[in-house]
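A.B. asks: Would you be able to build a 3D model of this:
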Amino acid sequence: MFERLREDIETVFARDPAARTVWEVLFCYPGLHALWLHRLAHLLWRHQLHFLGRLVSHVNRWLTGVEIHPGARIGRRVFIDHGMGVVIGETAEIGDDVLLYQGVVLGGTTSQKTKRHPTIGDNVVIGAGATLLGAITVGANARIGAGSVVIQSVPAGATVVGVPGHIAGPKEPPENNNLRHDRLPDPVLRAISELQSRQIQLEARIRDLERARWAPEPLSPVSEPAAATEQRIWEALREVLDPEVGVNVVDLGLVRAITVRSDQITVNVRLTSPTCPLADYLVEQIQRKARSVVSQSVTVLLLDEPWSWNHFEMPPGQ
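C.D. replies: Below you'll find the predicted structure:
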């Protein structure tokens, strides 16, 4: 028990630069007190002493401003910074080395007695005022920006911002356990910027076509090699943005392969999340863009492959 208490105190010093002395941590950190009281409440709950567990939880809320249901499961080295207004539901599960700021809510979305609260992976940071709802999963090393409302599962290593939450970028370097809210990317602004850039390019192409409309270039009667067709499709698909992330599907690593045959083009695609609500829209956009450069029919196959930010580098200036 004393080893666990010492680990909790060391976690405070590692996470909060304002911590100065052990006495200060012991007596002046409500987030730490909330976790200690929760362990007692959770122990009573597991031994079927539900009323006593809820009573300790209620006292915990009154003393610290943190409401943790005694049924919630919380891992090691978890730190609740400031703590006031944090709410953690009955079926919530929190992994190790998780950092929660004030006002975080891990809430449910159903009145049925089932798994209805989020599952948080290891080394996750959740910013102030963020709300996570439902039986979703937040992957290890993910970052949730302040004020975000997350209602879909988050892949490991992703940064999520906005209402509702959108995947905005990769995780920060492993040595940085905090979330730099002043440097969070904006996926909506990035998508708008991409659209504006492409609008300028389209306007330039239209001007060129208007200049050459009286002298169009003759069509080549020679069919181009399959490799050249594939390359043209790759370049065309760079104009298709993933609607949730705001980055084109090629740079994002969603397009896995393109197969060119005489009568058929096949594009293998994976999704940022298996439950992506805009999958049909994305497939339609990929088909439309591929058909704009080839005459063959185009089939888009959705692959059952996980996706993460690990192999994606954000373009400069984003």
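A.B. asks: low-confidence ranges in this protein?
C.D. replies: For the chain, the stretches with pLDDT under 70 are 169-186, 189-190, 193, 196-197, 200, 211, 213-224, 277, 309-318.
A.B. asks: Tell me where the stretch 101-250 of the chain has strands.
C.D. replies: Counting by DSSP state E, counting those that start in this stretch, the stretch 101-250 of the chain has strands at residues 105-107, 119-120, 125-126, 131-133, 137-138, 143-144, 149-150, 158-161, 166-170.
A.B. asks: What strands flank the fourth one, and is each parallel or antiparallel?
C.D. replies: The pairing partners recorded for strand 131-133 under DSSP bridges are strand 105-107 (parallel), strand 149-150 (parallel).
A.B. asks: Rebuild those as JSON lines, extending it with distance to Arg143 and mean neighbour count.
C.D. replies: Heads up, the C-betas are built off the backbone N, CA and C, glycines and all. Shown next, in JSON lines, are those (distance: least, C-beta to C-beta, whole Å; neighbours: other C-beta atoms under 10 Å):
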{"stretch": "strand 105-107", "distance to Arg143": "16", "mean neighbour count": "21"}
{"stretch": "strand 149-150", "distance to Arg143": "11", "mean neighbour count": "21"}
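A.B. asks: Just send the ones you listed back as TSV, with distance to Ile258 too.
C.D. replies: TSV is the format used below for those (distance: least, C-beta to C-beta, whole Å):
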stretch	distance to Ile258
strand 105-107	41
strand 149-150	33
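A.B. asks: how near is the closest residue to Gly75 other than its chain neighbours to Gly83?
C.D. replies: Leaving aside its chain neighbours, Gly75 sits nearest to Asp96 (4.0 Å; criterion: C-beta to C-beta, 6 or more residues apart in numbering). Between Asp96 and Gly83 the computed distance is 19 Å (C-beta to C-beta, to the nearest Å).
A.B. asks: now do Thr11
C.D. replies: As judged by C-beta to C-beta, Thr11 and Gly83 stand 14 Å apart.
A.B. asks: try Ile233
C.D. replies: 53 Å.
A.B. asks: residue contacts, Val260?
C.D. replies: The contact partners of Val260, by C-beta atoms under 8 Å, 6 or more residues apart in numbering, come to 226-227, 229-230, 233, 296.
A.B. asks: Over to Ile206?
C.D. replies: For Ile206, the contact set (C-beta under 8 Å, 6+ apart) is empty.
A.B. asks: Could I get the phi/psi values of Ala72?
C.D. replies: The phi and psi values for Ala72, taken as degrees, to the nearest 10, are phi -70, psi 150.
A.B. asks: That one against Pro118, yeah?
C.D. replies: No: Ala72 is not in contact with Pro118 according to C-beta atoms under 8 Å; the separation is 10.4 Å.
A.B. asks: Settle it for me: which of those two has more neighbours?
C.D. replies: Neighbours were counted for Ala72 and for Pro118 using other C-beta atoms under 10 Å; Pro118 has more, 28 against 20.
A.B. asks: State the distance from the closest residue to the more buried one other than its chain neighbours to Trp307.
C.D. replies: With sequence-adjacent residues excluded and distances taken as C-beta to C-beta, 6+ apart, Pro118 is closest to Leu132, at 4.4 Å. From Leu132 across to Trp307, the span is 20 Å (C-beta to C-beta).
A.B. asks: Who has more neighbours out of the two?
C.D. replies: The neighbour comparison of Leu132 against Trp307 (other C-beta under 10 Å) goes to Leu132, with 25 against 22.
A.B. asks: Pull up the gap between the more buried one and Thr91, please.
C.D. replies: 13 Å.
A.B. asks: any idea which helix is longest in the chain?
C.D. replies: Looking across the chain with DSSP state H, the single longest helix is helix 187-211.
A.B. asks: Can you pull the domain assignment for this protein?
C.D. replies: Here the domain parsing of the chain from automatic domain parsing is 2-183, 186-195+224-318.
A.B. asks: just the ones you listed: most buried one?
C.D. replies: Greatest average neighbour count among those goes to domain 2-183 (a mean of 18), per mean count of other C-beta atoms under 10 Å.
A.B. asks: quick one on the thing from earlier: can you name the two of the contacts of Val260 that sit furthest apart?
C.D. replies: With C-beta to C-beta as the measure, no two of those lie farther apart than Ala227 and Gln296, at 15.0 Å.
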